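J.: Quick one: sequence and predicted model below, then my questions.
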Amino acid sequence: MNIPNALTVSRLAAIPLLMAVLLLRFPDHDQVAAALFIVFSLTDTLDGQIARRRGTVSDLGKFLDPLADKLFVLSVLIVLVQEGLVAAWVVVVIFSRELLITLLRSIAASKGRVIAAAPLGKTKTVMQMSAVTLLILQRPYPVVVPLTAVVVAVAVIFTIVSGIDYLVRFRDVLGIGDGGRQSDSSLRQSAAELGDLLRGGRLTVSVAESCTGGMLGSAFTDQPGSSAYFVGGVIAYANEVKTEQLGVPSELLSQHGAVSCEVATAMADGVRSRLGSDLAASITCIAGPDADGTSKPVGLTYIGIAGPDGTRCHDYVLGGDRWSNRREAAAKAIQLLVDETHRLVPAVKA
């Protein structure tokens, strides 16, 4: 139980206290309840910042944090319905959305995946917490009633929109299409087709991977006889490995960052040169769920393809979770290698 997870648990522990303060009648009890709600709501931001700063982000935290947010807000809303301070349908909408996303997370967990809070989900939580604070304060301060109605409406809209965003973003978890993401079997199939092309053209390939962590190389080695065309790969996750093993200039890393076209190009050039292959692919990306302390968007991906005629860099912004972004990056790298091989094979045969 690290500090971020302890802060998350504190929101759960605060629920009975907050409900009691709302229901008991003593001077300024609503103001006390609002103050407690705000204080414990701030732990939602604090626990994430501490976890990222200290490198203590965990699967437990990813699961527990959104669960604590839901229970914390819903328990207070239920009391406010009882007190006649908010319409019951608002709580029904919010509860339905939270139940749906909880089921989605449960299905993902059964498949070994953890769905962390998405950006719209975090915005939804902020809007809901703002709405709840105003709902508590409207009893002692009737002047805020019009503002409360507006904020509640906005919170409901964000609740619905963020729920739709989760379902679209992670629809592959429910087996509704692949959202442009390839499954393990289709990834291996694509790698097998590429292998046939490479073997036919007597070409070899190597890979340099950062965010995919060997996923691309594994797709090759899953194929029987892949040693005829797959030379090997380098998993260069740390910047020091990119520099020492692939020859990526440290100036490129400091100037452009590890996730950049310049670094992807240097990684592809480096692995092709050092392993002596005809073709090479590199992948560097921000897989998520966070942007690793940069201003670059989650899902930003650069793939370098190096060959006899030079190196090309391709950029994408992928829209899935960490698991699917990594898989889609590997799939796109294979497709780019297929395209490059098709371009080169006629020349080789000639």
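T.: Great, that's in hand. Numbering: from 1, shown residues only.

J.: going forward, measure contacts between C-alpha atoms and count neighbours the same way
T.: OK.

J.: Give the next helix or strand downstream of the helix or strand that contains L74.
T.: Using DSSP states H and E, L74 sits within helix 59-82. Once the chain leaves helix 59-82, the next helix or strand it forms, by DSSP H and E, is helix 88-110.

J.: Tell me the buried residues in that next one?
T.: 91, 94-95, 97-98, 101-102, 104-108 (16 or more other Cα atoms under 10 Å).

J.: who touches A191 in this structure?
T.: 219-220, 223, 334 (Cα atoms under 8 Å, 6 or more residues apart in numbering).

J.: and of those, the nearest to P297?
T.: I334 (23.1 Å; Cα to Cα).

J.: For that closest one, which non-adjacent residue is closest in space?
T.: Spatial nearest neighbour of I334, chain neighbours left out: A191 (6.5 Å); criterion: Cα to Cα, 6 or more residues apart in numbering.

J.: I figured R97 hits I164, correct?
T.: No: contact criterion Cα atoms under 8 Å: R97 and I164 do not qualify, at 9.0 Å.

J.: ok, K296 to V317 distance?
T.: 10 Å (Cα to Cα, to the nearest Å).

J.: which residues touch stretch 73-89?
T.: 15, 18-19, 22-23, 91, 94-95, 128-129, 132, 135-136, 139.

J.: will you turn those residues into CSV that also has pLDDT, distance to L71 and secondary structure?
T.: Output for these, formatted as CSV (pLDDT from 0 to 100; distance: Cα to Cα, whole Å; DSSP: H, G, I helix; E, B strand; the rest coil):
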residue, pLDDT, distance to L71, secondary structure
I15, 91, 8, helix
L18, 91, 12, helix
M19, 92, 12, helix
L22, 91, 16, helix
L23, 92, 18, helix
V91, 92, 12, helix
I94, 91, 11, helix
F95, 91, 10, helix
Q128, 88, 12, helix
M129, 88, 12, helix
V132, 92, 13, helix
L135, 94, 17, helix
I136, 94, 17, helix
R139, 91, 23, coil
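
J.: Any of the residues you listed buried? List them.
T.: 15, 18-19, 22, 91, 94-95, 128-129, 132, 135-136.

J.: Is it possible to get CSV of those that adds distance to E209?
T.: As requested, the buried ones among the contacts of stretch 73-89 are exported to CSV (distance: Cα to Cα, whole Å):
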residue, distance to E209
I15, 45
L18, 49
M19, 51
L22, 54
V91, 46
I94, 41
F95, 42
Q128, 40
M129, 41
V132, 46
L135, 50
I136, 51
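
J.: Okay, strands next: where are they in the stretch 251-350 of the chain?
T.: Remark: strands assigned in the stretch 251-350 of the chain by DSSP state E, counting those that start in this stretch are 279-285, 300-307, 310-317.

J.: So which other helices or strands are in contact with the first one?
T.: Put plainly, it is strand 279-285. strand 205-209, helix 261-275, strand 300-307, helix 322-349 (3 or more Cα pairs under 8 Å, 6 or more residues apart in numbering; DSSP states H and E).

J.: coming back round to it: highest average neighbour count across the strands of the stretch 251-350 of the chain?
T.: strand 279-285 (a mean of 31; mean count of other Cα atoms under 10 Å).

J.: Tell me which strands that one pairs with, and in which orientation.
T.: Strand 279-285 has the following sheet partners, assigned by DSSP bridges: strand 205-209 (parallel), strand 300-307 (antiparallel).

J.: Model confidence at the residue most central in space within the chain, what's the number?
T.: Among the residues of the chain, the one closest to the centroid is P289, at 2.8 Å (Cα atoms, centre = their mean). For P289, the model assigns a pLDDT of 74.

J.: Repeat that for M1.
T.: 64.

J.: How is V231 assigned, secondary-structure-wise?
T.: strand (DSSP: H, G, I helix; E, B strand; the rest coil).

J.: how many other residues sit next to it?
T.: By other Cα atoms under 10 Å, 20 other residues sit near V231.

J.: Then P4?
T.: Using other Cα under 10 Å, P4 has 25 neighbouring residues.

J.: now L42
T.: For L42, the neighbour count with other Cα under 10 Å is 14.

J.: That one and S10, how far apart?
T.: On the measure of Cα to Cα, L42 and S10 end up 11 Å apart.

J.: what's the answer for S190, then?
T.: 48 Å.

J.: Have a look at those two and say which one is more surrounded.
T.: Neighbour count, other Cα under 10 Å: between S190 and S10, S190 has more, with 19 against 14.

J.: I'd like to check which residues are in contact with the more buried one.
T.: Contact analysis of S190 by Cα under 8 Å, 6+ apart lists 331, 334-335.

J.: tell me which element it is part of?
T.: helix 184-201.

J.: averaged over its residues, what pLDDT does that helix have?
T.: Here the average pLDDT along helix 184-201 is 87.

J.: List the buried residues in it.
T.: 187-192, 194-195, 197-199, 201.

J.: who's in contact with stretch 132-147?
T.: By Cα under 8 Å, 6+ apart, stretch 132-147 touches 30-31, 33-34, 37-38, 73, 76-77, 80, 85-86, 148.
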